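J.: got a predicted structure plus its sequence, pasted below:
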Amino acid sequence: MQGAFITFVHDPARGLFDYGWPIYDPNTLSLPLLGLAAENATGATWGKGSLLDFSCASMDALLDVQVQLNGILDKFLQKIRNASMNDRLLLESADYIERSSTTFENQLFGRETVLG
């Protein structure tokens, strides 16, 4: 991955093509999927860009789902906190779930994540 990054820095227009990566086409396996350790721990796995582009066209639906999930999660966390004021482990679990949810939401919508 470092080689691909350095190649891109030296030549953003053609570096990755010269490095052996395909030119992006949403209908072909040309989207690099990075960090899929189970499939390829040291390089890129290729996926169809249309699968990722689909989520952009569905942003309104994703926002609706996010609102619904946040409501469910808030009720769940409140029940945990109300039922377990003396159970430190359960409270820590609720805090972890809340931080993880915020992190996921920020990553989904491109906001910077700051965990306390």
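T.: The structure has been received and is ready for your questions. Residues are numbered from 1 along each chain as shown.
J.: where does the chain have low pLDDT?
T.: 35-42, 55, 84-86, 102-116 (pLDDT under 70).
J.: from the contact counts, what lies against the top helix by length along it?
T.: Secondary structure assigned by DSSP state H gives helix 59-83 as the longest helix of the chain. Counting contacts by 3 or more CB pairs under 8 Å, 6 or more residues apart in numbering; DSSP states H and E, helix 59-83 is packed against helix 88-108. All C-beta atoms are positioned from the backbone trio N, CA, C, and that covers glycine.
J.: buried ones in stretch 67-87, by neighbour count?
T.: By 16 or more other CB atoms under 10 Å, the buried positions in stretch 67-87 come out as 77, 80.
J.: so what's residue 51 up against?
T.: residue 31 (CB atoms under 8 Å, 6 or more residues apart in numbering).
J.: can I assume it sits in a helix?
T.: Yes. Counting by DSSP: H, G, I helix; E, B strand; the rest coil, residue 51 is located in a helix.
J.: distance of it from residue 45?
T.: Distance, residue 51 to residue 45, by CB to CB, to the nearest Å: 13 Å.
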